[in-house]
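Q: sequence and computational prediction follow.
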Amino acid sequence: MNGPIYCNRILKRFALPFYKKVRREFGEAIWQDDGAKYHTSKEVKKWQEDHRMTRMEWPAQSPDLNPIENLWHIIKRKICRRRHRIQSLDELAEIIIKEWDQISMDEVRKIIGSMGKRCRACEKARGGSTKY
């Protein structure tokens, strides 16, 4: 992965439409990623700025508090139920997109709503592992 691929394959195709949907629905949105080098490259920051994506600063080696991890877990669990029937990478990509689209905003709100507990647990563990 690198900055141009992240911009073209992830941000443009998936993230920006979702970000705009959240912003329309709630009036504001903040994009959060895990701070990997390609997430914070000059090209990616400029792309996000050009598309008016407000970005949360997030250190690369931070505890795994990113709510997206919970969403990936939900998707992985659903895909594992049918993994032996998936015949190709294209089919897998199609299923991932379908499962992503089926995640309800209630599920997203619930995960985001747990951030206070997650942060307190992280503080209590002094930045170490938590049950989250």
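A: Now that the structure is in, tell me what you want to look at.
Q: how's this structure carved up into domains?
A: Annotated domains of the chain cover 1-62, 64-132 [automatic domain parsing].
Q: by mean pLDDT, show me the worst of the ones you listed.
A: Least confidently modelled of the domains of the chain is domain 64-132, at a mean of 86 by mean pLDDT.
Q: spit out the contact partners of Y38.
A: 1-3, 5-6, 44 (CB atoms under 8 Å, 6 or more residues apart in numbering). The way it works is simple: take the backbone N, C-alpha and C, and place the C-beta from them, glycine included.
Q: what about Q102, neighbour count?
A: Neighbour count for Q102, taken as other CB atoms under 10 Å: 11.
Q: what packs against the strand or helix carrying K98?
A: In this assignment (DSSP states H and E), K98 forms part of helix 89-101. Identification of packing neighbours for helix 89-101 by 3 or more CB pairs under 8 Å, 6 or more residues apart in numbering; DSSP states H and E yields helix 68-80.
Q: now the helix holding K98, how far from the centre of its chain.
A: Chain-centre distance of helix 89-101: 16 Å, with CA atoms, centre = their mean, to the nearest Å.
Q: tell me the angle of the very next helix or strand once past it relative to helix 68-80?
A: Note on helix 89-101: by DSSP H and E, the next helix or strand toward the C-terminus is helix 105-113. Relative orientation of helix 105-113 with respect to helix 68-80: 140 degrees, computed using axes from the mean of the first three to the mean of the last three CA atoms, to 10 degrees.
Q: run through who's touching the helix or strand just after helix 105-113.
A: Using DSSP H and E, the helix or strand that follows helix 105-113 in sequence is helix 115-124. With contacts defined as CB under 8 Å, 6+ apart, helix 115-124 is touched by 63, 65, 67, 130-132.
Q: of those residues, which is the nearest to K20?
A: Closest approach to K20 among the contacts of helix 115-124 (CB to CB): P67, at 18.5 Å.
Q: surely the closest one touches I112?
A: Yes. P67 is in contact with I112 according to CB atoms under 8 Å; the separation is 5.6 Å.
Q: in terms of neighbours, single out the busier of those two.
A: P67 (17 against 11).
Q: tell me who's in contact with that one.
A: P67 is in contact with 32, 108, 111-112, 114-115, counting by CB under 8 Å, 6+ apart.
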